[in-house]
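**Q** predicted model and sequence below, questions to follow.
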Amino acid sequence: MVGLFGPKKVKQIRAAKRLQGMARMPGDKSISHRYAMLAAIAEARSEIHYFATSADCASTLACLEKLGGKIERKDSLVTVEGAGASGLRAPHTRLDAGNSGSTMRMLAGILAGQPFHSAIGGDASLSRRPMRRIIEPLTRMGARIEASPGGLPPLEIEGGRLKPIRYELPVASAQVKSAVLLAGLFAEGETQVIEPARTRDHTEIALEHMGAEITREGNTIALRGPARLQGGKLFVPGDISSAAFFLCAALLVPESNLMIQNVGLNPTRTAILDVLAGMGGQIHISNLESLNGELVGDLHAESSPLKGGEIPRAFVPQLIDELPVLSVLGTQTEEGVWFHGAEELRVKESDRIAAIAGNLRRMGADVEEFPDGLRVGGRQALRGAEIDPQGDHRIAMAFAVAGLVASGVTAIGDFECARISFPSFFEDLERLIA
Ligand code: S3P
């Protein structure tokens with residue numbers, strides 16, 4: 001197909017008859033970043049099993065190696081020789097976070113507490129993403145950080161002795177919360193972070209599991225530093241944000257019956273299941289267990305008629321990565337789907353509100369864009385179209401799901417950007433619809 005994208009790098013998707021079988025998701029991206037970073041500054045060796053295959057997590061490992069981290073990777077097993085709290089070394093060159101906001105923001109927290117200078121940059125998309133949100137608290141703790149005009153990457157970080165702060169997050173962001181907590185590991189006394197809304201708490205769980213003194217009361221998290229972390233065996237659950245694409249596809253495509261094993265079901269990540277169930281989606285959980293403090297279970301989804309409706313504002317921070325695919329799903333519901341309070345979507349790997357609206361319109365859908373959200377009409381007959389994911393993995397995968405219920409051919413340009421979180425997405429999808 002030649003057109004918007006030229007002849008290459010286009011994945012063609014056609015309407016599917018069913019989605020059937022078993023699938024396993026890549027290891028959770030959020031948890032993998034955290035385990036790798038914490039293992040690098042912990043004592044003793046850590047074995048991280050089922051580490052994410054995502055390109056973002058490979059960026060984190062590469063940065064840690066440049067900081068002197070001793071890391072070995074064999075498929076999804078990552079072994080990290082913990083260097084201890086003062087074991088990282090000044091990097092010779094600028095650290096490259098690639099496309100990964102989590103790498104840059106969370107690692108900045110650790111770099112703020114190091115007695116050396118470091119620089120960290122990323123690709124064109126990451127270079128447009130706001131960093132003042134971490135610069136501000138980390139500076140208050142005593143680090144010196146310089147950014148490009150507008151508070152954009154790359155960052156130059158002069159770390160050093162930090163003091164604990166009490167910090168009220170202006171935006172609900174797990175990355176910013178984590179940056180402050182990770183810096184707090186190096187500060188003498190109690191660092192407190194107050195969240196405006198509850199966000200994913202993998203950092204808190206991992207810190208506690210590895211021996212830090214950390215507590216939560218209401219929306220306030222308190223960490224006592226300096227902390228010594230203990231490495232060990234860690235298991236990463238499958239990524240529920242990756243599972244979301246297949247769950248939505250299974251609900252929408254007729255005659256579907258899909259089992260996804262070993263998915264992370266941390267309650268700060270499962271709003272997607274509540275929203276889908278609330279719309280009438282048949283999704284069942286089984287085999288619940290706890291793995292290093294994180295809930296894990298199997299999910300079974302079957303095609304279901306869906307009602308749609310408003311996604312409540314209070315759910316938005318815990319659903320932020322699933323809103324693209326939920327918007328696509330909305331077009332196939334009775335009432336459509338709409339939400340507000342999601343301005344953060346505009347500063348993700350792409351402006352996701354604009355990317356969803358633009359691509360859905362190309363497929364013939366009725367969409368209304370708000371500064372902080374979106375409304376998609378229900379019962380839309382989608383037509384295959386050329387999709388521009390704007391280099392954003394979640395947009396590429398969300399529109400692959402749209403293609404499964406559209407007439408004609410949906411051509412996803414630059415589909416390989418899915419590797420950022422889910423390198424085998426298109427092969428897995430092809431297998432499940434075969
Ligand atoms: C993440 C937090 C979220 C999310 C991102 C991963 C994390 O970002 O969108 O994909 O691992 O902490 P924000 O902290 O910017 O909301």
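**A** Ah, there it is.

**Q** go ahead and confirm residue 14 touches residue 409.
**A** Yes - using CB atoms under 8 Å, residue 14 is in contact with residue 409, at 6.0 Å. Using the backbone N, CA and C atoms, a C-beta is placed for each residue, glycine as well.

**Q** which residues are common contacts for these two?
**A** Contact criterion CB atoms under 8 Å, 6 or more residues apart in numbering; residues shared by residue 14 and residue 409: 384, 403.

**Q** in this protein, where is pLDDT below threshold?
**A** Residue ranges of the chain with pLDDT under 70: 1-8.

**Q** spell out which parts of it neighbour the ligand.
**A** Applying CB under 6 Å from any ligand atom, we find that the chain lies next to the ligand at 30, 102, 173-175, 178, 200, 320-321, 344.

**Q** what sits against the closest residue to residue 170 other than its chain neighbours?
**A** Excluding the flanking residues, the one nearest residue 170 by CB to CB, 6 or more residues apart in numbering is residue 133, at 7.2 Å. Counting by CB under 8 Å, 6+ apart, residue 133 makes contact with 105, 170-171, 173, 176.

**Q** rewinding a little: narrow the residues of the chain next to the ligand to those in helices?
**A** 30, 102, 174-175, 178 (DSSP state H).

**Q** look up how far residue 299 lies from the closest residue to residue 348 other than its chain neighbours.
**A** Nearest residue to residue 348 in three dimensions, chain neighbours excluded: residue 392, at 7.1 Å (CB to CB, 6+ apart). Separation of residue 392 from residue 299 (CB to CB, to the nearest Å): 25 Å.

**Q** looking at it, the residue nearest to residue 348 is touching residue 355, isn't it?
**A** Yes - the pair residue 392 and residue 355 qualifies as a contact (CB under 8 Å) at a distance of 6.1 Å.

**Q** and for the two, which residues touch both?
**A** Joint contacts of residue 392 and residue 355 (CB under 8 Å, 6+ apart) do not exist.

**Q** what's the burial count for residue 161?
**A** Other residues lying near residue 161 total 12 when counted by other CB atoms under 10 Å.

**Q** I figured it hits residue 142, correct?
**A** Yes - assessed by CB under 8 Å, residue 161 is found in contact with residue 142 at 6.0 Å.

**Q** does residue 380 count as helix, strand or coil?
**A** Each residue gets one of three states, and residue 380 gets coil by DSSP: H, G, I helix; E, B strand; the rest coil.

**Q** list the contacts of it.
**A** By CB under 8 Å, 6+ apart, the contact set of residue 380 is 331-332, 336, 364-366.

**Q** now those: which count as buried?
**A** The neighbour-count criterion (16 or more other CB atoms under 10 Å) marks 331-332, 336, 365 among the contacts of residue 380 as buried.

**Q** the stretch 151-300 of the chain: helices as residue ranges?
**A** Counting by DSSP state H, counting those that start in this stretch, the stretch 151-300 of the chain has helices at residues 174-184, 202-209, 240-252, 271-278.

**Q** let's have these in TSV, adding mean neighbour count.
**A** Shown next, in TSV, are the helices of the stretch 151-300 of the chain (neighbours: other CB atoms under 10 Å):
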stretch	mean neighbour count
helix 174-184	28
helix 202-209	22
helix 240-252	27
helix 271-278	19
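
**Q** thinking again about what came up before, so how far is the helix or strand the residue nearest to residue 170 falls within from its chain's centroid?
**A** Using DSSP states H and E, residue 133 sits in helix 132-140. On the basis of CA atoms, centre = their mean, to the nearest Å, helix 132-140 sits 21 Å off its chain's mean C-alpha point.

**Q** now swap in stretch 350-365 and tell me
**A** Its chain's C-alpha centre and that of stretch 350-365 lie 20 Å apart, by CA atoms, centre = their mean.

**Q** hang on, residue 98 in a helix?
**A** No - counting by three-state DSSP, residue 98 is not found in a helix; it is coil.

**Q** how about the nearest residue to it, chain neighbours excluded?
**A** Nearest non-adjacent residue to residue 98, counting by CB to CB, 6+ apart: residue 59, 3.8 Å away.

**Q** quick one: contacts for the residue nearest to residue 291 when sequence neighbours are not counted?
**A** Leaving out its chain neighbours, the residue that sits closest to residue 291 by CB to CB, 6+ apart is residue 235, at 4.6 Å. Neighbouring residues of residue 235 by CB under 8 Å, 6+ apart: 49-50, 291-292.

**Q** what subset of these is buried?
**A** Buried among the contacts of residue 235 (16+ other CB under 10 Å): 50, 291-292.

**Q** can you redo those as JSON lines with distance to residue 69?
**A** What follows is the buried ones among the contacts of residue 235, written out as JSON lines (distance: CB to CB, whole Å):
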{"residue": "50", "distance to residue 69": "20"}
{"residue": "291", "distance to residue 69": "23"}
{"residue": "292", "distance to residue 69": "20"}
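
**Q** which one of those sits closest to residue 38?
**A** Residue 38 lies nearest to residue 292 out of the buried ones among the contacts of residue 235, by CB to CB, at 11.3 Å.

**Q** so the closest one makes contact with residue 234?
**A** Yes - look at residue 292 against residue 234 with CB under 8 Å: they come within range, at 5.5 Å.

**Q** who touches both of these two?
**A** Shared contacts of residue 292 and residue 234 (CB under 8 Å, 6+ apart): residue 209.

**Q** what's the first-to-last distance across stretch 225-236?
**A** With CA to CA, to the nearest Å as the measure, stretch 225-236 spans 26 Å from end to end.

**Q** residues of it that come out buried?
**A** So for stretch 225-236, counting by 16+ other CB under 10 Å, buried means 225-227, 229, 231-232, 234-236.

**Q** which of the residues you listed lies closest to residue 95?
**A** Each of the buried residues of stretch 225-236 was scored against residue 95 by CB to CB, and residue 229 proved nearest at 20.9 Å.

**Q** now do the contacts for the residue lying closest to the closest one once chain neighbours are set aside.
**A** Once flanking residues are discounted, residue 229 sits nearest to residue 42: 3.8 Å by CB to CB, 6+ apart. Listed by CB under 8 Å, 6+ apart, the contact set of residue 42 reads 82, 84, 210, 229-231.

**Q** 6 Å instead?
**A** Contacts for residue 42 (CB atoms under 6 Å, 6 or more residues apart in numbering) come out as 82, 210, 229-231.

**Q** with residue 91 instead?
**A** Counting by CB under 6 Å, 6+ apart, residue 91 touches 66-67, 118.

**Q** out of those residues, who's the most crowded?
**A** Within the contacts of residue 91, neighbour counts (other CB under 10 Å) peak at residue 118, which reaches 25 neighbours.

**Q** wait, isn't that residue in contact with residue 155?
**A** No - counting by CB atoms under 6 Å, residue 118 does not reach residue 155; the two are 8.6 Å apart.
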